[in-house]
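Q: Whatever this is, show me its structure:
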Amino acid sequence: MMIDKKVLYVSEVASLLGCCSAVVYKLIENGKLKAYKDAGGKRWRIPELALNDYIQQSQEAFETTKNREPRKRSKV
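A: Okay, the predicted model is just below:
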């Protein structure tokens, strides 16, 4: 993914990831997406590198789970 900005706002990250802002806030809260508050302390800012790291980690996690054997379901 090519990003032209060095720092993004939550709404911009949500748009790039195809999710809502609430999901991005949860990612920040859970430490999965690195971010910091701007000088006034009101808005979260997400560095481009942090977003790229998150995307790469997510892709790697997906690849890992994709290659696992499916679980056998027990009959009820």
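Q: what ranges do the strands span in the protein?
A: Along the chain, the stretches classed as strands by DSSP state E are 7-9, 36-37, 44-47.
Q: For the last one, which helices and strands make contact with it?
A: Applying 3 or more CB pairs under 8 Å, 6 or more residues apart in numbering; DSSP states H and E, one finds that strand 44-47 contacts strand 7-9, helix 10-17, helix 21-29, strand 36-37. From N, CA and C alone the C-beta is placed, and that goes for glycine too.
Q: Make TSV out of the ones you listed and add mean pLDDT and distance to residue 44.
A: Converted to TSV, the helices and strands packed on strand 44-47 look like this (pLDDT from 0 to 100; distance: least, CB to CB, whole Å):
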stretch	mean pLDDT	distance to residue 44
strand 7-9	96	7
helix 10-17	97	5
helix 21-29	98	6
strand 36-37	96	6
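Q: how about the ones you listed in TSV, adding distance to residue 62 and mean neighbour count?
A: Converted to TSV, these look like this (distance: least, CB to CB, whole Å; neighbours: other CB atoms under 10 Å):
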stretch	distance to residue 62	mean neighbour count
strand 7-9	22	18
helix 10-17	14	17
helix 21-29	15	16
strand 36-37	27	12
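Q: Correct me if wrong: residue 17 contacts residue 26.
A: No. Under the criterion of CB atoms under 8 Å, residue 17 makes no contact with residue 26, lying 11.8 Å away.
Q: Return the distance of stretch 49-59 from the chain's centre.
A: The chain centroid and the centroid of stretch 49-59 are separated by 7 Å under CA atoms, centre = their mean, to the nearest Å.
Q: Then stretch 18-38?
A: For stretch 18-38, the distance to the chain centre is 7 Å (CA atoms, centre = their mean).
Q: what's the span of it, first residue to last?
A: Terminal residues of stretch 18-38 are spaced 24 Å apart (CA to CA, to the nearest Å).
Q: Other residues contacting that stretch?
A: By CB atoms under 8 Å, 6 or more residues apart in numbering, the residues outside stretch 18-38 that reach it are 10-11, 13-14, 17, 43-47, 50-51, 53-54, 57.
Q: which two from those residues end up farthest apart in space?
A: By the measure CB to CB, the contacts of stretch 18-38 have their two most distant members at 43 and 57, which lie 24.1 Å apart.
Q: Nice, that's everything, thank you.
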